[in-house]
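Enquirer: next comes the sequence, and after it the predicted model I'd like to discuss.
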Amino acid sequence: MTVSAGDGAGGALERAAARNVSKFYVYNILGSLNIWMPVYILYVLSRGLTLTQATLLSSVWWLTSVAFEVPTGAVADRHGRRTSLILGCVALIAAFCVLALSRTMAWIAIAYVLWAISVTFYSGADYALLYDTLREVGREGEYRRVCGRAMSYGLVAAGIGSLLGGLLGKVGLVWPIALSGAIAAAQLLAVLSLREPKVERKQKVRYYAHVGQSFRAAFAPARVRSLIILQALVVTAAWVLGVLYQPHLKSLGFSVAMIGALYLVLRLCGAVGSNYAHAIGRALGRAEPLALVPALFGLSVALLALFHSMAAVVFMFANNFLNSVLGPLLSNAMNEQIESGKRATVLSIASLTSSLLLAVVQPFAGNVADRFTTAAGFWLLAAILGVAAVFAAFTLRRGAARPEMGPREATQ
């Protein structure tokens, strides 16, 4: 974020906002290292589980997420985004400690429950804090660029974390899991340094009234509803794709260390996509990329399913690039439709919708991969992305107006 010179309270507020954005980058980098990513499915399988059981455990994760998404989103809106992030960090530290010590499916399930709860505290709160930090100084128009940069930094960090995770996984699959707990502790320190931006609320309402109003804000406006459904389809396909990558690469002869190195390149491709998402969105307009990019994403997944060879990993690079372009575009499209007082809860409702779909699709895709091949699972995901592209083309229109705002918002 570039800060212009300013005097008095206005200049101090802009400098404080710039510092908050920089600290958010640090928080996001630590949270994106994800050194567990290249080995966590292999780690669970090493405990004697089948791929079907592993994906069923993931359904425990998603169903827990469904149960906690809205309550934790309301915590962020009513008690502060920073408070929500602190609670998320504490739960994540506990989750990785339990997972590293787990020896049975039951203990892995407990770790997944804690993990899912931690993510619901992050979900909606982190990018709501970033958006409101910019909005506080009248710079919300820069959000897509700043969001893309944050995601880009995060993906570079994820690439480095993947390489490190692969090397540690070669020594022992438990080490990336254990070190992830220490990284979560460092992320907690970064969160403690963040400043809570001031958010204007029309009036203080009770919890259930707030949740009811947020559900109406999420599903009554046609454009917000369409964006939530589109996000659910894309997030489901992208997440399950990542789950199937590891057994697919293992079937192609990749070692754990090679998988970690490949993930580094995949994350760098994603970083490029996030960094240029703003430029791509500006070039294509408002609605077009939200239909075109999922279509191209689906095509790249179909090509990955079609060619079973080491050379076909080039299509994984395309997967990550296109998915990372979509992230900032969807985030910006969603945030510009939601008022600040309900932002975190509405974003949590969007995550809840994605979690519900994932809880159904992920075990189904895992079973398809177990019964047939991972390529069959890829075909299923390509079909989901095709549905997403058609849905976006028919429901989103160029230049859709923002919802009516209050006096302060209308003048910014």
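Expert: Cool, the structure landed. Numbering: from 1, shown residues only.

Enquirer: how far does the helix or strand hosting S22 sit from the chain's center?
Expert: Element membership for S22 (DSSP states H and E) is helix 8-32. Distance, stretch centre to chain centre, for helix 8-32: 20 Å (CA atoms, centre = their mean, to the nearest Å).

Enquirer: ok, now how distant is the closest residue to L326 other than its chain neighbours from A277?
Expert: Closest residue to L326 in three dimensions, ignoring its sequence neighbours and counting by CB to CB, 6 or more residues apart in numbering: V293, at 5.1 Å. Heads up, the C-betas are built off the backbone N, CA and C, glycines and all. Noted for V293: a distance of 9 Å to A277, by CB to CB, to the nearest Å.

Enquirer: what do you get for T373?
Expert: Taken as CB to CB, the span from T373 to A277 is 33 Å.

Enquirer: which of those two has more neighbours?
Expert: Using other CB atoms under 10 Å, the more surrounded residue of T373 and A277 is A277, with 28 against 17.

Enquirer: isn't the more buried one up against S324?
Expert: Yes - contact criterion CB atoms under 8 Å: A277 and S324 qualify, at 7.1 Å.

Enquirer: which residues are in contact with each of these two?
Expert: Residues touching both A277 and S324 (CB atoms under 8 Å, 6 or more residues apart in numbering) are M151.

Enquirer: common neighbours of V293 and A277, please.
Expert: 325-326, 329.

Enquirer: buried residues in stretch 246-258?
Expert: Within stretch 246-258, the residues that count as buried by 16 or more other CB atoms under 10 Å are 246-250, 254, 256-258.

Enquirer: and which of these is nearest to I110?
Expert: Closest approach between these and I110, by CB to CB: Q246, at 22.6 Å.

Enquirer: could you say which helix or strand holds that closest one?
Expert: helix 222-251.

Enquirer: that helix: how far from the chain's middle?
Expert: In terms of CA atoms, centre = their mean, the centre of helix 222-251 is found 10 Å from the chain centre.

Enquirer: then stretch 256-268?
Expert: The answer for stretch 256-268 is 19 Å, by CA atoms, centre = their mean.

Enquirer: check which helices and strands the helix or strand containing A100 sits against.
Expert: Per DSSP H and E, A100 falls inside helix 81-101. The contact analysis (3 or more CB pairs under 8 Å, 6 or more residues apart in numbering; DSSP states H and E) places helix 81-101 against helix 51-79, helix 105-122, helix 125-136, helix 174-192.

Enquirer: what packs against the helix or strand where the residue nearest to L326 lies?
Expert: Here V293 sits within helix 288-306, counting by DSSP H and E. Applying 3+ CB pairs under 8 Å, 6+ apart, we find helix 288-306 packed against helix 222-251, helix 277-284, helix 314-335, helix 374-395.

Enquirer: again, 6 Å this time
Expert: If contacts are counted by 3 or more CB pairs under 6 Å, 6 or more residues apart in numbering; DSSP states H and E, helix 288-306 sits against helix 314-335, helix 374-395.

Enquirer: which positions in the last one come out as buried?
Expert: Read that as helix 374-395. Those would be 374-375, 377-382, 384-386, 388-389, 391-393, 395, for helix 374-395 by 16+ other CB under 10 Å.

Enquirer: returning to that earlier point: out of the buried residues of stretch 246-258, who's nearest L233?
Expert: H248 (21.4 Å).

Enquirer: that closest one reaches T374, doesn't it?
Expert: Yes - assessed by CB atoms under 6 Å, H248 is found in contact with T374 at 4.0 Å.

Enquirer: do you know how far the closest residue to L192 other than its chain neighbours is from A94?
Expert: Counting by CB to CB, 6+ apart, L192 lies nearest to I86, which is 6.9 Å off, once chain neighbours are set aside. Separation of I86 from A94 (CB to CB) stands at 13 Å.

Enquirer: low-confidence ranges, the stretch 51-200 of the chain, go.
Expert: 199-200 (pLDDT under 70).

Enquirer: repeat that for 50
Expert: By pLDDT under 50, the stretch 51-200 of the chain has no low-scoring segment.

Enquirer: assess the claim that T64 and A116 are in contact.
Expert: Yes - using CB under 6 Å, T64 is in contact with A116, at 3.8 Å.

Enquirer: tell me which of those two has more neighbours.
Expert: Neighbours per residue (other CB under 10 Å) separate T64 from A116, with A116 holding more: 24 against 21.

Enquirer: residues touching that one, list them.
Expert: Shown in contact with A116 (CB atoms under 6 Å, 6 or more residues apart in numbering): 61, 64-65.
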